[in-house]
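> Next input, structure requested:
(2 chains)
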Number of protein chains: 2
Amino acid sequence: MVGRPRSQEADTAILAAALDLLIEVGAEQTSIEQVARRAGVTRATVYRRYADKTTLLVRALEWSNRDNDPSFTGWRDVDHMLGDWAAHLAVPRNRRLLRRVYAARDDYPELPMTYRSVNSGRRAAMVRETLVHARDLGHLPAELDLDVVQELLTGAVLNHLGSHPDDEGFAMIKAYLIAIMKQMGYRPAVTMV
Amino acid sequence: MVGRPRSQEADTAILAAALDLLIEVGAEQTSIEQVARRAGVTRATVYRRYADKTTLLVRALEWSNRDNDPSFTGWRDVDHMLGDWAAHLAVPRNRRLLRRVYAARDDYPELPMTYRSVNSGRRAAMVRETLVHARDLGHLPAELDLDVVQELLTGAVLNHLGSHPDDEGFAMIKAYLIAIMKQMGYRPAVTMV
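Now for the predicted structure:
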C-alpha cells in the first residue's frame, strides 16, 4: 500500500523517458539502460515491468495518446478536422514522433502497427464520417472513393513531415491540407476567413 | 598505373557495401568498420576516400542512381509514368531504400537532401512535363495545381511504402497509383487493358 504512489510515479517516469528517447533518438538508439537513467530508476525496475525494449516502446506509444479526450465524438466539418490536424502537425515534437514511428517500420514494425491500431477504429471512423458528411452536403464530389481519399490524406501528412520545415506553423500547414483536399474537388459552401 | 584497376574495384566494393548496409540496417546502424569488412578492404582504405560515414552514405546514394539512363527524356503519358513508378516500387529493395532515406531525416538530413537533389532538377521536370501534357490533352482538370499534385504523388508513394505490404506486386501498385490520380480528376482518353 505504502509503495503504491511511488510505484505509479516510477511507471510514469519510465513511460515518459521511453517516449522522449523514442522522439529524440529513435527506436534503434533507445536502450533500457538510457530509459532507466533518465527515469531515475534502476534497470531492474524497468525490466520488472517490460520484458524488452520493444514492449516498453509500444506501451509508451499507447500512453502518448492518454490526453485524447474519450468524450470527443468527431469534427463539425472538414475545415475543423484539418484545423485539428494542422494544430497537431505544428508541434515539432509531434512531427518527430510521427517520423520516428514511420521510420521504425523495417526494424520495429510493432511501433507503426501500434500507432495504427490506436488511431484506427474509433478515430478512423470519425474521419470517415466527416468525409461522408461533406460528400452528402455536396462539398466533395459524389464519385470520390473515400478509401483512396483517406490514403491520400495520410500520404499528404507523410509528405509534409518529410519535406516541409518543422517550423512552418499552423496557418501554412492548414493551407497545405486544404489545398490537398481541393485537388480532390473539395468545395466548402462557406469559406471561413 | 598498376594499382588503378584494383583501386577502382575497391571504390565499387565500398560503395556497394555502404548501399547494402544502408538498405539492410539503416544509416544509424551502419559503421565504417562494417562497410570495410563487407567490402573486403581495411578501414584505412575507406577513410582515405571518405572522411566520415555521412559522406560515404551520401556518395553511395548518388551512386545508386548510376543505372539511370542519361538519354531518357521522359514518359509518353501519365499511364507510362505510373507504370515506371510501380515497377520501381514492386522491388522490395527499392522500397526499403526509400524508407531508409525518409527515416534518416532527423539524424542524417544529408541523405534525404541528396535524394531530392539527385531526383529533382531533370527528373522532376519530366514529371511536370508529363502532367502538363495530360492537362493539355484534357486528361487532367484544367484548374489542377500541379505543384500540389506533385506533393500528393510523393505522399501517395510514402503512404504506400508505409502501410502496404512489400510484396504487393506491380499490377496492384499501378492500380493504386492510378486510383490516386483519378481522385484528382485524371481521365485518360483511352483505357489500356
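
> Walk me through the domains of chain A.
Following automatic domain parsing, one gets these domains for chain A: A:3-63, A:78-183.

> among these, which is nearest chain B?
In terms of Cβ to the nearest Cβ, the element of the domains of chain A nearest to chain B is domain A:78-183, at 3.1 Å. Bear in mind the C-beta positions are built from the backbone N, C-alpha and C, glycine included.

> And the closest one, how far out from the chain middle?
Remark: domain A:78-183 is offset 9 Å from the chain centroid, using Cα atoms, centre = their mean, to the nearest Å.

> tell me the average confidence for that domain?
Averaging pLDDT along domain A:78-183 yields 94.

> And that domain, end to end?
By Cα to Cα, to the nearest Å, the extent of domain A:78-183 from end to end equals 14 Å.

> ok, now stretch A:117-125?
OK, stretch A:117-125 end separation, Cα to Cα: 12 Å.

> try stretch A:33-46
Length of stretch A:33-46, first residue to last, Cα to Cα: 9 Å.

> what distance separates it from the centre of its chain?
26 Å.

> Please determine whether that stretch lies in contact with chain B.
No: against chain B, stretch A:33-46 shows no contacts by Cβ under 8 Å from any Cβ of the partner chain, the least distance being 14.5 Å.

> What of stretch A:121-139?
No: Stretch A:121-139 is not in contact with chain B by Cβ under 8 Å from any Cβ; minimum separation 11.9 Å.

> need the residues of chain A near chain B, please.
Counting by Cβ under 8 Å from any Cβ, chain A sits next to chain B at A:25-26, A:28-29, A:96, A:99-100, A:102-103, A:105-107, A:112, A:116, A:144-145, A:148-149, A:151-152, A:154-160, A:162-163, A:176, A:179-180, A:182-185.

> hmm, back to that, can you redo the domains of chain A as a markdown table with mean neighbour count?
Converted to a markdown table, these look like this (neighbours: other Cβ atoms under 10 Å in any protein chain shown):
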| stretch | mean neighbour count |
| --- | --- |
| domain A:3-63 | 17 |
| domain A:78-183 | 17 |
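
> And these: which comes nearest B:A51?
domain A:3-63 (22.4 Å; Cβ to Cβ).

> Mind checking the pLDDT average for the closest one?
Per-residue scores along domain A:3-63 average to 94.

> continuing past the longest helix belonging to chain A, what's the next helix or strand?
Secondary structure of chain A per DSSP state H: the longest helix is helix A:3-29. Scanning forward in sequence from helix A:3-29 by DSSP states H and E, the next helix or strand is helix A:32-39.

> name the helices or strands packed onto that following helix?
If contacts are counted by 3 or more Cβ pairs under 8 Å, 6 or more residues apart in numbering or on different chains; DSSP states H and E, helix A:32-39 sits against helix A:3-29, helix A:43-49, helix A:53-63.

> With distance to A:R128 as added columns, please give those helices in JSON lines.
Formatted as JSON lines, the helices and strands packed on helix A:32-39 follow (distance: least, Cβ to Cβ, whole Å):
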{"stretch": "helix A:3-29", "distance to A:R128": "28"}
{"stretch": "helix A:43-49", "distance to A:R128": "36"}
{"stretch": "helix A:53-63", "distance to A:R128": "22"}
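
> Would you mind getting the angle between the longest helix of chain A and helix A:32-39?
130 degrees (axes from the mean of the first three to the mean of the last three Cα atoms, to 10 degrees).

> distance between helix A:3-29 and the chain's centre?
Worked out by Cα atoms, centre = their mean, helix A:3-29 lies 18 Å from the chain centre.

> Which elements pack onto it?
Applying 3+ Cβ pairs under 8 Å, 6+ apart, one finds that helix A:3-29 contacts helix A:32-39, helix A:43-49, helix A:53-63, helix A:92-103, helix B:3-29.

> how close does the residue nearest the centre of chain A sit to B:D145?
For chain A, the residue nearest the mean C-alpha position is A:L98 (5.9 Å; Cα atoms, centre = their mean). Shown here: A:L98 relative to B:D145, a distance of 25 Å by Cβ to Cβ, to the nearest Å.

> And A:T12, by the same measure?
A:T12 sits 46 Å away from B:D145, taking Cβ to Cβ as the criterion.

> returning to what we had before: wait, which of the helices and strands packed on helix A:3-29 is closest to A:S7?
A:S7 lies closest, by Cβ to Cβ, to one member of the helices and strands packed on helix A:3-29: helix A:43-49, at 9.2 Å.

> What helices and strands are in contact with the closest one?
helix A:3-29, helix A:32-39.

> Save the helices and strands packed on helix A:3-29 as CSV, and put in distance to A:S71 too.
Below are those laid out as CSV (distance: least, Cβ to Cβ, whole Å):
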stretch, distance to A:S71
helix A:32-39, 31
helix A:43-49, 30
helix A:53-63, 19
helix A:92-103, 22
helix B:3-29, 40
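
> Out of those, which gets nearest to A:E168?
helix A:92-103 (9.6 Å).

> List the contacts of that closest one.
Residues outside helix A:92-103 that contact it (Cβ atoms under 8 Å, 6 or more residues apart in numbering or on different chains): A:19, A:22-24, A:26-27, A:61, A:64, A:88-89, A:111-112, A:115, A:157-158, A:161-162, A:166-167, B:99, B:102-103, B:105-106, B:162.
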